[in-house]
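Asks: coords please:
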Amino acid sequence: MPHRCPWPGEDPLYIAYHDTDWGVPEYDDRALYEKLVLDGFQAGLSWITILRKRENFREAFDRFDPQAIARYGEADIDRLLANSGIVRSRAKIEAAIQGARVWCDIQDSPRGFSQRLWDFVDGAPATHHYASMAEVPAQTPTSQAMSKELKSLGFKFCGPVIVYAFMQAVGMVNDHLTGCFRHEEVARLNTPASA
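Replies: Modelled structure (predicted):
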């Protein structure tokens, strides 16, 4: 049995997420929007709660197509608020819609969404060497700067702690513990977007 980070516990879904998804560098604009929205929905909840509902979210939110979500109106908000398969928070649903509209504006700019976010880490993941969970920060100056920019653009539910969790999830930082079998595997994936 491989040694892994302790946070997935014994939950098979959480273990699969840790072993295949968490920390893998993600450069796709749409996928980054999805992960940012889901991290926003996590605010005040545990990530496993969101993970268990992820497929429901994808179905309810048009597979997280920002261009489709940007056109959502009051009827869509009502539909989502009636969907027991997702987190039914009007503020978070409205934030996802607002974020989709911001995403569309950013995509029309020269840098695009992915590049704009990856520029905060100079386009390449940072591999950290933490031996225990106690060493892993909840936020960093980089997550604070990214949070500030996202908020200035109109995103919500993107404070520096949420943004750091997002950065970990999308592989901007490799925070698998050094004793975890995924630490070296993910480090080998850490190539710049331009490579």
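Asks: Nearest residue to the middle of the protein?
Replies: Of all residues in the chain, the one closest to the mean position by C-alpha atoms, centre = their mean is K35, 3.2 Å from it.
Asks: what separates P110 from S89, distance-wise?
Replies: According to C-beta to C-beta, to the nearest Å, P110 stands 34 Å off from S89. All C-beta atoms are positioned from the backbone trio N, CA, C, and that covers glycine.
Asks: Of those two, which one has the most company?
Replies: Remark: of P110 and S89, S89 carries more neighbours, 18 against 6, as counted by other C-beta atoms under 10 Å.
Asks: Spatially, what comes nearest to the more buried one if we skip its sequence neighbours?
Replies: Nearest in space to S89, with sequence neighbours left out and distances taken as C-beta to C-beta, 6 or more residues apart in numbering, is F41 at 7.4 Å.
Asks: That neighbour: neighbour count?
Replies: Neighbour count of F41, defined by other C-beta under 10 Å: 23.
Asks: Name the helix or strand for it, please.
Replies: Using DSSP states H and E, F41 falls within helix 29-42.
Asks: What is that helix packed up against?
Replies: Counting contacts by 3 or more C-beta pairs under 8 Å, 6 or more residues apart in numbering; DSSP states H and E, helix 29-42 is packed against helix 47-60, helix 90-107, helix 112-118, helix 160-169.
Asks: Residues contacting stretch 140-148, please?
Replies: Stretch 140-148 is contacted from outside by L117, F120, V121, C158, G159, P160, V161, I162, V163, Y164, M167, using C-beta atoms under 8 Å, 6 or more residues apart in numbering.
Asks: returning to what we had before: the helices and strands packed on helix 29-42 into CSV, with extra columns for distance to E149 and mean pLDDT?
Replies: What follows is those, written out as CSV (distance: least, C-beta to C-beta, whole Å; pLDDT from 0 to 100):
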stretch, distance to E149, mean pLDDT
helix 47-60, 23, 98
helix 90-107, 11, 98
helix 112-118, 8, 96
helix 160-169, 10, 98
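Asks: if we can go back for a sec, pull the CA atoms of the helix holding F41 into CSV?
Replies: Only the C-alpha atoms of helix 29-42 are listed here, as CSV (Å, rounded to 0.1, in the frame of the first residue of the first chain):
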residue,chain,number,x,y,z
ASP,A,29,-9.1,27.7,-19.2
ARG,A,30,-12.5,26.0,-18.7
ALA,A,31,-11.2,23.5,-16.3
LEU,A,32,-9.5,26.2,-14.2
TYR,A,33,-12.9,28.1,-14.1
GLU,A,34,-14.6,24.9,-12.9
LYS,A,35,-12.1,24.3,-10.1
LEU,A,36,-12.2,27.9,-9.0
VAL,A,37,-16.1,27.8,-8.8
LEU,A,38,-16.1,24.5,-6.9
ASP,A,39,-13.5,25.9,-4.5
GLY,A,40,-15.8,28.8,-4.0
PHE,A,41,-18.7,26.5,-3.3
GLN,A,42,-16.6,24.8,-0.7
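Asks: Check what contacts that helix and list those residues.
Replies: By C-beta under 8 Å, 6+ apart, the residues outside helix 29-42 that reach it are 26, 49-50, 54, 57-58, 61, 64-66, 86-87, 89, 92, 95-96, 99-100, 103, 107, 112-114, 117, 150, 155-158, 162-163, 165-166, 169-170.
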